[in-house]
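Colleague: sequence below, structure please.
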Amino acid sequence: MENKKIWSIAGGIGVGFAVWIGASVYVAKNTETEINAMVQKTASKCDMRITNLQHEQGLIASAGHFLIHVGDQCNVEPSERDWLVAQVDYKINSLILPHALMRFDWTLKQLSTEANTTDSPIQFEGSGKTSLTKTIFSNIKSLEIAGSSDEQNWRVEPFIGDVEWASNAVVFNLKTPRLLSRGGGSALDLQGIGIQVDMQNRELGIGKSAFTIDKISASTGTAEGLSFSGETVENAGRLEAKLNYGLRGLESLGYSAHDLAMEIAIKGLDAESVKKLAQIADQASFENLTAEEQAQYRAALRQLIDQGLAMGISKLSGSVTNGAETSHIDGNLIVNIRPNSNANQAKIQLAKLLESSGQLTFNGKALDTAQKQQIVQMGFARATPEGLQADYDYSAGILKTNGRIVDDSFLQEQLINVDNQINDFLSGEVNSKTDENQAIVNQPVAEIVAETENQTMPEINENLSETAEPEVNQLASVESVAAVVGSVKPSFDCNKAASTAEKLICSSSQLSMLDVQLNGVFKQAVANAADPKSVVALQKAWIKNVRGLCSDVECMTKAYQQRLEQLANN
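Modeller: Just a heads-up that it's a prediction; the model follows:
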C-alpha cells in the first residue's frame, strides 16, 4: 500500500515536471515566433527597422542578436537612411518559475557610421523578466558616454533606470547625474537629468510623462528646476492633453526670473479618430500602406478635423527682476477650430472654422521707459499705467492686434496654403491650381483686378472715375486721405489711392475695416474656386458697377456688406 502511494506521488511529480518542462519548451518556441514577428513588423516602417536577426534556439534557452536602424529608412539614398545603427545581443531562459514566464539579459551597443563623431559608442544593458501575464520588466544602465565634435568635448555620466512594458501600457524611468559640454568659448553643465513615462494607453497616448533638469549652468547664466510634463486623459469620447513647462529660477545677463510657467492645453480631440489613426500608423509608414488603408487614414483625419478641437497656451506666468525692479508676466493664447457644421463639404476651409485670441500683460518696472517705448513703437504692445499689454483676436476673417484691425493678408495666405495642403492630402490628388492662380491669391483685391487688365492701379482708377464715379471735392489729395485714416488701413496703399471710391474708403476707418475683411474672404474664394479667373472677373465688375457708384459712407458700407455675404455664400 505504501509503495502504491509512493509511486502515485512520484507519478504525480513526474507528470507535473513533464508539464512544467513542456510548457517551458512551448514558451521558448513561442518566443522565437514572437521575435520573428517583431522583426517583420518593422520591415515597412520608415522611422525604425530591425534587420540581420540571428537567433539560436535551444530546448529552453536561446540567444541571438539583431541590428536596429533609426532614421529615414524610406530614403531613396541608402547612405542617408541611418542616423543611428545599434546591435542588440540577448540571452533568454524560458524555464517557467512562479514569478516569471522567462528571464533575459540584453545589451545595446551603437555601431559606428560615417556621420558618427563620438569617441565612445552609446551602450546600454539590462536584465529582466516576463511575468505570467506577459508584462515585461527590465532594469536599464549605461556606460559613460563621451565624445568630441569640432571644438566641443562632451561627457554624459552613466544612465540608470527601469522599464515595465505591457500589451498597451508602458512605465519608463531613466536618469543621469550629469551632462557636461565644453569648448568653443562656452560651457554647459546639466545636473540631475530625469525622464519619467507612465503611459496607460499607448494607442491614444493616455498617461503622464515628464522631463526634468535639476540645475543648468552655462557661460551666460544659471537656471534651476527646469521641467516639462504632460498628461492626457479621455473624457466622454474626447481626448484632453496638458503640457506644462516650468522654470523655478534663472539668472542671466543682469536679469533674474522666478517661477516661470507655461501650460499648453489641447481639448476636444475625437478619441475614435485618434485611435483609428494610431492603429493604421502602427501597421506601416503612410507611403507603405495599401490604397484602402490610406483611404481609411484620410477618412479618420477628416473626421478628426470635422469634430473640431481647441488648443493653445492656457497659462503663461512668472516674474522678471532687473536690479531692484520686478515685473510680472501673465498671458494666454487660444486657437479654436469649430466643429464643421457642413461635414459633407468637399473642402476644409480653416478661415471659416478658425477662431483665435490671446493676451499678454507685463506689469512692473523691470523694463525702463526707453525699452517700453521701443516695444510700443514697433507695434508689439501698447502702454498701460501698470506696464505693457499686447493682445490679438481673429474671428470672422478679421484680425485685430492691440485693438486695431490690421491687414491679415499674410495670415490669409498661410491659411489658404494650409487648406490646400490638407485638402490635397485628404483627396489624395495633386493640387491642380497653377502658380499663376496662387499668385492671384497672394495679392490684395485691387492689385488682382489691375493685373487682369494689364494696367497699373492708377490707370484703372482713372478710367473708372471718368465713366462712373462722382468727384468728392473735400478729399483734395491722397496725403489728406491718409491723414484722416490714422491707424486703420485698408488692403491697398492709400498713398496710391487714385479713384474717388478708394479715397472715400481711405477716409473712413469703418470702410477700411470692411475692405480688409473683404480682401481675406475674396482670397479664400479664389483659392477654393474651380475657375479662379471667373471670380476675379466678377470682383472687377463689382468694383466698377457697384462700389464705383457709391459716393458716401452709407452706400459704400451696404455695398461691402452685400459683397461679403455673396462671397461667403458661394
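Colleague: if you go through the stretch 301-450 of the chain in chain order, where are the helices?
Modeller: Using DSSP state H, counting those that start in this stretch, the helices of the stretch 301-450 of the chain run over 350-353, 369-377, 409-427, 435-441, 445-452.
Colleague: give me the buried positions along the second one.
Modeller: For helix 369-377, the neighbour count (16 or more other C-beta atoms under 10 Å) marks 372, 375 as buried. To be clear about C-beta, it is placed using only N, CA and C from the backbone, and glycine gets the same treatment.
Colleague: counting by contacts, list what it packs against.
Modeller: The contact analysis (3 or more C-beta pairs under 8 Å, 6 or more residues apart in numbering; DSSP states H and E) places helix 369-377 against strand 382-383, strand 387-395.
Colleague: swap in the longest one?
Modeller: Helices and strands in packing contact with helix 409-427 are listed as helix 291-306, helix 350-353, helix 509-528; criterion 3+ C-beta pairs under 8 Å, 6+ apart.
Colleague: out of the ones you listed, which one sits most buried?
Modeller: Counting by mean count of other C-beta atoms under 10 Å, helix 509-528 has the highest mean neighbour count of the helices and strands packed on helix 409-427, with a mean of 22.
Colleague: angle of that one against helix 409-427?
Modeller: Orientation note: helix 509-528 sits at an angle of 30 degrees relative to helix 409-427 (axes from the mean of the first three to the mean of the last three C-alpha atoms, to 10 degrees).
Colleague: next secondary structure element downstream of helix 509-528?
Modeller: Toward the C-terminus, helix 509-528 is succeeded by helix 532-545 as the next helix or strand (DSSP states H and E).
Colleague: quick one, that next one and helix 509-528 angle?
Modeller: Here helix 532-545 points in a direction 160 degrees away from that of helix 509-528 (the same axes, to 10 degrees).
Colleague: who are the packing partners of the very next helix or strand once past helix 532-545?
Modeller: Helices and strands here follow DSSP H and E; after helix 532-545, the next one along the chain is helix 553-569. Here helix 553-569 touches helix 500-506, helix 509-528, going by 3+ C-beta pairs under 8 Å, 6+ apart.
Colleague: let's see it at 7 Å
Modeller: Contacts defined by 3 or more C-beta pairs under 7 Å, 6 or more residues apart in numbering; DSSP states H and E place helix 553-569 against helix 509-528.
Colleague: now the helix it packs on against helix 553-569, angle please.
Modeller: Helix 509-528 runs at 20 degrees relative to helix 553-569, counting by the same axes, to 10 degrees.
Colleague: how far does stretch 280-290 stretch from one end to the other?
Modeller: One end of stretch 280-290 sits 10 Å from the other (C-alpha to C-alpha, to the nearest Å).
Colleague: mean confidence score for it?
Modeller: If you average the pLDDT over stretch 280-290, you get 78.
Colleague: now residue 171. Nearest residue, chain neighbours left out?
Modeller: Nearest non-adjacent residue to residue 171, counting by C-beta to C-beta, 6 or more residues apart in numbering: residue 164, 4.2 Å away.
Colleague: residue contacts, that neighbour?
Modeller: Applying C-beta atoms under 7 Å, 6 or more residues apart in numbering to residue 164 gives the contacts 135, 137, 170, 171.
Colleague: ok, so of those residues, who is nearest residue 334?
Modeller: Distance to residue 334, by C-beta to C-beta, is smallest for residue 170 among the contacts of residue 164, at 31.6 Å.
Colleague: gap between the closest one and residue 130?
Modeller: When distance is defined by C-beta to C-beta, to the nearest Å, residue 170 is 14 Å away from residue 130.
Colleague: these two: which has the busier surroundings?
Modeller: In this view residue 170 and residue 130 are compared by other C-beta atoms under 10 Å, and residue 130 has more residues nearby, 20 against 16.
Colleague: which strand or helix spans the residue nearest to residue 171?
Modeller: Residue 164 belongs to strand 160-165, assigned by DSSP H and E.
Colleague: quick check: what element follows that strand along the chain?
Modeller: Remark: after strand 160-165, the chain's next helix or strand is strand 170-183, criterion DSSP H and E.
Colleague: so what strands line up beside that following strand?
Modeller: When pairing is defined by DSSP bridges, strand 170-183 lines up against strand 152-156 (antiparallel), strand 160-165 (antiparallel), strand 186-201 (antiparallel).
Colleague: mind listing what's buried along that strand?
Modeller: In strand 170-183, counting by 16+ other C-beta under 10 Å, buried: 170, 171, 172, 173, 174, 176, 179, 180, 181.
Colleague: got those as a markdown table, with pLDDT and distance to residue 320 columns?
Modeller: Listed next are the buried residues of strand 170-183 as a markdown table, based on pLDDT from 0 to 100; distance: C-beta to C-beta, whole Å:
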| residue | pLDDT | distance to residue 320 |
| --- | --- | --- |
| 170 | 94 | 39 |
| 171 | 95 | 38 |
| 172 | 95 | 35 |
| 173 | 96 | 34 |
| 174 | 96 | 33 |
| 176 | 96 | 31 |
| 179 | 95 | 27 |
| 180 | 94 | 28 |
| 181 | 92 | 27 |
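Colleague: returning to what we had before: need the winner for burial among the helices and strands packed on helix 369-377.
Modeller: Stretch with highest mean neighbour count among those: strand 387-395 (a mean of 17; mean count of other C-beta under 10 Å).
Colleague: contacts for that one, please.
Modeller: Strand 387-395 is contacted from outside by 327, 354-364, 372, 375, 380-382, 400-402, using C-beta under 7 Å, 6+ apart.
Colleague: quick check: angle from that strand to helix 409-427?
Modeller: Compare the direction of strand 387-395 with that of helix 409-427 by the same axes, to 10 degrees and you get 40 degrees.
Colleague: dump strand 387-395 to CSV, restricted to CA.
Modeller: Extracted as CSV, the C-alpha positions of strand 387-395 are listed here (Å, rounded to 0.1, in the frame of the first residue of the first chain):
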residue,chain,number,x,y,z
GLY,A,387,3.3,98.5,-17.8
LEU,A,388,2.6,96.9,-21.2
GLN,A,389,-0.2,94.9,-22.7
ALA,A,390,-0.5,93.0,-26.0
ASP,A,391,-3.5,91.2,-27.4
TYR,A,392,-4.9,89.9,-30.6
ASP,A,393,-8.2,88.4,-31.8
TYR,A,394,-9.1,86.6,-35.1
SER,A,395,-12.7,85.7,-35.9
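Colleague: got the angle for it vs helix 369-377?
Modeller: On the basis of the same axes, to 10 degrees, strand 387-395 is oriented at 10 degrees to helix 369-377.
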